[in-house]
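Novice: mind looking at a prediction? Sequence and model below.
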Amino acid sequence: AQADTEWKFARGKLWISYFDEGGTLPTPFNIIPSPKSFLYAMAWLKDKVCSCSKRHQRSKWQSIRKVVKKVNEKEARYQSVMRDLIKRYLMVRQKSDDKQGVTEDDLNEIKGDISAFRFELLEIFRTNGMRTPAHMQQRSSKGSG
């Protein structure tokens, strides 16, 4: 179940990467220049030829600001989607852990921790001059030796 969830998470991330701005045609057709690429080439050529005027410089900076803003918005949206996917994954994982419940190994581990803590406390009491029951001292001395 966990491998399936992780696979779905990775698949979703891969799908998101396909929606980025870039090649709009599938593989065999993207070799042939599209009308969009001609438009981009003409805009680039126009920018190179007409880059002398101040008005053009101002509009160029405005367009750069727009591009940066657009990139920041895309990044924020991407981060939001990834955060939501991670939250969903963690909630599903937590829900499956909750369904599993407490196992015998968990109980044995807790018993061992409690027993070790008890003997540590007895040792601390003895080193500080406090009285401990005789049967407790015998058990703790057997456990430590």
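Specialist: Received, thanks.

Novice: could you point out the longest helix of this structure?
Specialist: With secondary structure taken from DSSP state H, the chain has its longest helix at helix 54-100.

Novice: relative orientation of the strand or helix carrying S17 and helix 54-100 in degrees?
Specialist: Secondary structure from DSSP states H and E places S17 in helix 2-18. Between helix 2-18 and helix 54-100, the angle comes out at 170 degrees (axes from the mean of the first three to the mean of the last three Cα atoms, to 10 degrees).

Novice: then stretch 116-126 to PDB, C-alphas only?
Specialist: What follows is stretch 116-126, C-alpha atoms only, in PDB (Å, rounded to 0.1, in the frame of the first residue of the first chain):
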ATOM      1  CA  ALA A 116      15.200  -0.300  32.700                       C
ATOM      2  CA  PHE A 117      13.800   3.000  34.100                       C
ATOM      3  CA  ARG A 118      12.900   1.300  37.400                       C
ATOM      4  CA  PHE A 119      16.400  -0.100  37.900                       C
ATOM      5  CA  GLU A 120      17.900   3.200  37.000                       C
ATOM      6  CA  LEU A 121      15.700   4.900  39.600                       C
ATOM      7  CA  LEU A 122      16.700   2.300  42.200                       C
ATOM      8  CA  GLU A 123      20.400   2.900  41.400                       C
ATOM      9  CA  ILE A 124      19.900   6.600  41.800                       C
ATOM     10  CA  PHE A 125      18.100   6.200  45.100                       C
ATOM     11  CA  ARG A 126      20.900   3.900  46.400                       C
END
